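Asker: Return atomic coordinates for the entry below.
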Amino acid sequence: MRTAVLIGLAMLFAAESWASERFDLSEDAIASVQAAVTSVLKDPDSATFSDLAAAKSPAGDIFVCGKVNAKNSFGGYSGAAPFIGTLTHDLKKFVIERVAETGDEMARVIVRCRAVGAMGLY
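Answerer: Residues are numbered from 1 along each chain as shown. From the prediction side, this is the model:
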């Protein structure tokens, strides 16, 4: 069942990825992404980021995907969690769509990142 849902999501968003183009993130844009993601973490100071990638849709939306690893409530690192969101057109604010916390959420984020063309993650 889960596989069918993921395939359905991939097909739903596939058209969007065909027209998306890679988008290079400035240092300020990266800082906006990191600030937004760390604001929802249990231990923001422990956050490390990897695999940031961005794509711009034909409508001008800038999607950003990446991974964040940070300490959890027990003080241990939880492993790199994929995330996705959009940057505002002025590149100053990042709106989080999802930071994965479970295996199912990880799959959804990966499918969504592929669909929007921000595939630097995987």
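Asker: is it true that R112 lies in a helix?
Answerer: Yes - when classified by DSSP: H, G, I helix; E, B strand; the rest coil, R112 is found to be part of a helix.
Asker: For the nearest residue to G85 once chain neighbours are set aside, give me phi and psi.
Answerer: In this structure, G85 finds its nearest non-sequential neighbour in I96, 4.3 Å apart by Cβ to Cβ, 6 or more residues apart in numbering. For every residue, glycine as well, the C-beta is placed using N, CA and C. The phi and psi torsions at I96 (degrees, to the nearest 10) take the values phi -70, psi 130.
Asker: Contact partners for I96?
Answerer: With Cβ atoms under 8 Å, 6 or more residues apart in numbering as the criterion, the residues that contact I96 are A36, V37, V40, F83, I84, G85.
Asker: Check those and tell me the two furthest apart.
Answerer: Farthest apart among the contacts of I96 by Cβ to Cβ are V40 and I84. That separation is 13.1 Å.
Asker: who has more neighbours, those two?
Answerer: Legend: neighbour count by other Cβ atoms under 10 Å for V40 and I84, higher for I84 (23 against 12).
Asker: Need the contact partners of the helix or strand harbouring L52.
Answerer: L52 is part of strand 48-56, with elements assigned from DSSP states H and E. Under the contact criterion Cβ under 8 Å, 6+ apart, strand 48-56 has outside partners 17, 20-25, 29-30, 33-34, 37, 62-70, 80, 87, 113, 116-121.
Asker: hang on, the earlier thing: okay, and which of the contacts of I96 map to helices?
Answerer: Restricting these to those inside helices, with DSSP state H as the criterion, leaves A36, V37.
Asker: could I get the contacts of I96 as a markdown table with distance to E101 and pLDDT?
Answerer: Conversion of the contacts of I96 to a markdown table gives the following (distance: Cβ to Cβ, whole Å; pLDDT from 0 to 100):
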| residue | distance to E101 | pLDDT |
| --- | --- | --- |
| A36 | 16 | 97 |
| V37 | 13 | 97 |
| V40 | 10 | 94 |
| F83 | 10 | 96 |
| I84 | 13 | 96 |
| G85 | 15 | 96 |
